[in-house]
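S.K.: Predicted coordinates and the sequence they were generated for:
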Amino acid sequence: MSKHDAPTDDSPTAEPTPDTTGKTGAISLDNLNKTYDPEGEHVVAVEDMDLDVAAEEFVALLGPSGCGKSTVLECIAGYLEPTEGEVVVDGTPVTNPDPKRGVVFQENRLFPWKTIKENVEFGPRMHEGVEEGRAESILDEMGLDGFEDAYPSELSGGMQQRAELARLLANDPAIMLMDEPFSALDALTKEIMQKKLLEVWERDNRTVLFITHDVEEAILLADRVAIMTARPGQIKDVIDVDIDRPRDPEVVTTDRFTELRERALSVIREEAERALEQEDGA
Amino acid sequence: MESRRRLVRLGSILAVPVLWFVASRFGLIAGLPTPVEVADAYVAELYRDDFWISTIRSTIRVLASFVVAAAVAVPLGLLIGRYTIFADLTFPALEMLRPIPPIAWIPFTILVLPAAELSIMFITFLGAFFPILLNTIQGARGVEVEYPRAAQSLGANSYQTFRHVIFPGALPAIHAGMIVGMGLAWVNLIAAEMVAGGTGLGFLTWSAYTSGSYPTIIVGVITIGLLGAISSALVRLLGDWQIGWTEPRPN
Amino acid sequence: MSTTTIERIQRRFEGGTVPILTKRVRQLLSIVLFLGLWSALVRFGVLGFDTFVGPETTLAALLEALSGTAMTEGGETIYEHAAFSAFRVLVAVTIAVLVAIPLGLTIGTSRRWEDALFPALEVFRPVPPVAWVPIALLLLPTFRSGVIFVVFVGAFFPILVNTIEGVKTVEAEYVQAAASLGAGSRDIFRHVIVPATLPSIITGVSLGVGLAWITVVAAEMIAGGVGIGYIIFQAYRLLQTEVIAVGMIAIGFLGYISAAAVHRTGHYLTRWQETN
């Protein structure tokens, strides 16, 4: 496994302003390391990773496949314990999953044995108590009016993703961790979902960490785009997306967008080649 | 299914008593009672209290033992399936006992347990226990890791995760295990009744043999088969009714 | 302990970073605890355990039997009895395999044969194999053939049912692909359907062997003669409790190695399969 160069320091990696406003949902990755030892191998998934996400910020995490982005999300979510270093949220280190850090998975994970409504009410039912009518209004907002009593298997892929988003929102998390949630959707549905996500985010002011391998999606949605290297994963570059909000899908044709996209792609190309080499060599 | 196929299938079923009649009438199989003899014996049996008592006895034994087996095997299987330490501490011992056919336990249970009734029910219990346990373990392990994680990220604690995620997720496999378990419960019940004696359909059938009333043997066998089929069908239907949801459609 | 603490301990264990209690040690502990529990139950006479034997006596009796001491008046050793039982299982399962697999393949591939044969077979399936013992003794000429017949019935249905299901779940696309490559129906049968059904057949044979052992022990206990089942029952009558335990261990062992043998063979025959 070839070890790559340390991330360059001369590219403008915009740092978020320190948070003194009492907002919640700030994530801080401090020297995050995660290694696995499956069956005699020694895999370094994430190495010496530092990243700061300010409260209410939308950060996209971009990188080639296998680079460890999902591992990072799993550490932030609290499913995995870092081998070294820590994840700090609002000043407290992360040790366990928590409803304040909501998660949307790559593959749809609505509980197949519960109706849509039961899925959406699941979080509140587990710790606070269900508010009458809340599930219905969230589902309505997601365009799933009338499907409350359906089972997930009866819905299309796009509808399932919307329902999973509804389930997440019903729990009112300060942080939304999303692992390539739209990658399996067709282009049209994807566009609708992206729009919806931005709508919801702008209204509710949550922190979002959005993992994707789609460069355009990352730039379209995020305030900042953090680009990861191939395994062992580190942050190679952070691009500040200074395009005004609200952003229409048409924004992808603007010059500024194209500039940023080219910049991101050039960084990624290098790393993607490196990742391919790893797979061949390994 | 078109009516023609239905007719053929019906014909297949009817072929059984017809062939039986032919074989017994023309002495093709020595000693085989004719269907008529068996029918007569059946009617006679229906009037005998002992027949009904035996039937009810056997049925209750199976149901009770099965329910206990499920009540023990399902929680145990879920725990073994999800918690490795627990599995390591309990499973090896269970695996050592599993290959021993339940009937081989009969002398052991007769010596150790206070009543013969308990022996028979224990054997039946063993028959259902292991299939349900194994299938439950497989079912619990088969629940993809993202489901409990999703539950935890929504705020569920361990118990809630178990109850709302692991258990429903494992239900299809548990159901399959119960169908097999019910079948094996019957198998072992009849064997236990034949060996340990006393009452029950198995004993009734065996004593028909030893006392030489051969048509009654077949009466017993038919009754056992019927009850076995009904109980397995009930378990299957119950499961299908409860587990109405199907696997999520792939995107 | 709070649930989060338990979960943290859990995760530490899952990660395999616990120093003393490694997986192997825990598994060994399981067996040790089991033996200890057994010993204690006998010593303290819980329920009727004081009429039974403990692990130590059992081990002694087992060693004695393995050394070739006669177990019955006929002078047969445990090996001979084991051989009798195993022979019956082997013969019965072989016949069951030779009958059930072709039958299952036929029923699974041809709707006409399914309609003609399957309902009739289904009539007999719910009858527990053991229930056939009196009938078999009545109708079949020799005692030995009666036992083998019953064991055959025990093994037959799992193999049949699993073979049929295996054929039915062969994905249509494989058959279509073969047809588009120019294969005739006989070729398709031989090169596509049979190999694709093999995993299900192996499962069926595995279940069949298990059921065969259950049936042979039951038959031997009921009908007597020779075999491990007979030993166990006779030991019960003569109150040789340590022999009962030895018999149970013997049959457990035999069942285990036959299941393992089937699995080994199965793995070899289906080595093209993905492992989970």
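M.R.: That came through, no problem.
S.K.: Tell me which stretches of chain B form helices.
M.R.: Here chain B has its helices, by DSSP state H, at B:3-25, B:35-47, B:49-82, B:84-97, B:106-112, B:116-142, B:146-153, B:158-161, B:167-196, B:201-210, B:214-242.
S.K.: Between those helices, which one is closest to C:V192.
M.R.: Among those, helix B:3-25 comes nearest to C:V192, with 25.5 Å by CB to CB. C-betas here are computed from N, CA, C, even on glycine.
S.K.: who touches that closest one?
M.R.: For helix B:3-25, the external contacting residues (CB atoms under 8 Å, 6 or more residues apart in numbering or on different chains) are B:28-29, B:32-35, B:37, C:111-112, C:115-120, C:123-124.
S.K.: Contacts only, for C:A218.
M.R.: B:101, B:103, B:191, B:194-195, C:130, C:133, C:229.
S.K.: 6 Å - rerun?
M.R.: B:103, B:191, C:130 (CB atoms under 6 Å, 6 or more residues apart in numbering or on different chains).
S.K.: want to throw the residues you listed into CSV with pLDDT and distance to chain A?
M.R.: As requested, the contacts of C:A218 are arranged in CSV below (pLDDT from 0 to 100; distance: CB to the nearest CB, whole Å):
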residue, pLDDT, distance to chain A
B:I103, 89, 37
B:A191, 90, 37
C:V130, 88, 38
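S.K.: Can you add neighbour count and give the residues you listed back as a markdown table?
M.R.: As requested, the contacts of C:A218 are exported to a markdown table (neighbours: other CB atoms under 10 Å in any protein chain shown):
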| residue | neighbour count |
| --- | --- |
| B:I103 | 33 |
| B:A191 | 31 |
| C:V130 | 32 |
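S.K.: near chain B, anything from the longest helix seen in chain C?
M.R.: Once chain C is assigned using DSSP H, the helix that runs over the most residues is helix C:78-109. No. Residues of helix C:78-109 are not located near chain B by CB under 6 Å from any CB of the partner chain, the shortest gap being 10.9 Å.
S.K.: got the angle between the helix or strand following that helix and helix B:214-242?
M.R.: Next along the chain after helix C:78-109, taking DSSP states H and E as the criterion, comes helix C:111-124. Interaxial angle, helix C:111-124 versus helix B:214-242 (axes from the mean of the first three to the mean of the last three CA atoms, to 10 degrees): 110 degrees.
S.K.: which secondary structure elements does helix C:111-124 contact?
M.R.: In terms of contacts (3 or more CB pairs under 6 Å, 6 or more residues apart in numbering or on different chains; DSSP states H and E), helix C:111-124 is packed against helix B:3-25, helix C:78-109.
S.K.: The helix or strand just after that helix near chain B at all?
M.R.: Per DSSP H and E, the first helix or strand lying C-terminal to helix C:111-124 is helix C:132-139. Yes. Contact between helix C:132-139 and chain B, assessed by CB under 6 Å from any CB, occurs at C:134-135, C:138-139.
S.K.: For those residues, give me TSV that also has pLDDT and neighbour count.
M.R.: Below are these laid out as TSV (pLDDT from 0 to 100; neighbours: other CB atoms under 10 Å in any protein chain shown):
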residue	pLDDT	neighbour count
C:P134	86	27
C:I135	86	23
C:L138	81	19
C:L139	82	18
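S.K.: which one among those residues gets closest to chain A?
M.R.: The closest of the residues of helix C:132-139 next to chain B to chain A turns out to be C:I135 (CB to the nearest CB; 44.8 Å).
S.K.: quick one: that closest one from A:V225, how far?
M.R.: Taken as CB to CB, to the nearest Å, the spacing of C:I135 relative to A:V225 amounts to 77 Å.
S.K.: Need the winner for burial among the helices and strands packed on helix C:111-124.
M.R.: Stretch with highest mean neighbour count among the helices and strands packed on helix C:111-124: helix C:78-109 (a mean of 20; mean count of other CB atoms under 10 Å in any protein chain shown).
S.K.: and that one, what's its mean pLDDT?
M.R.: What helix C:78-109 shows for mean pLDDT is 91.
S.K.: Can you get me a residue count around B:G177?
M.R.: For B:G177, the count of nearby residues is 26 (other CB atoms under 10 Å in any protein chain shown).
S.K.: what's the burial count for the nearest residue to it once chain neighbours are set aside?
M.R.: Excluding its sequence neighbours, the residue lying closest to B:G177 (CB to CB, 6 or more residues apart in numbering or on different chains) is B:N135, at 2.6 Å. Counted with other CB under 10 Å, the neighbours of B:N135 add up to 24.
S.K.: Check the one 3 residues further on too.
M.R.: In terms of burial, B:Q138 registers 16 neighbours under the definition other CB under 10 Å.
S.K.: Return the per-residue confidence for A:K34.
M.R.: Reading off the confidence values, A:K34 has pLDDT 87.
S.K.: got it, and A:S2?
M.R.: pLDDT at A:S2 comes out at 39.
S.K.: so who does residue 116 touch?
M.R.: In the absence of a named chain, chain A is used. A:147-148, A:150, A:163.
S.K.: right idea, wrong chain: chain C
M.R.: Taking CB under 6 Å, 6+ apart, we find C:A116 in contact with B:S12.
S.K.: and if we set it to 10 Å?
M.R.: B:8-9, B:11-12, B:15, C:106-107, C:110 (CB atoms under 10 Å, 6 or more residues apart in numbering or on different chains).
S.K.: How much space separates it from B:Y147?
M.R.: Counting by CB to CB, the gap from C:A116 to B:Y147 is 45 Å.
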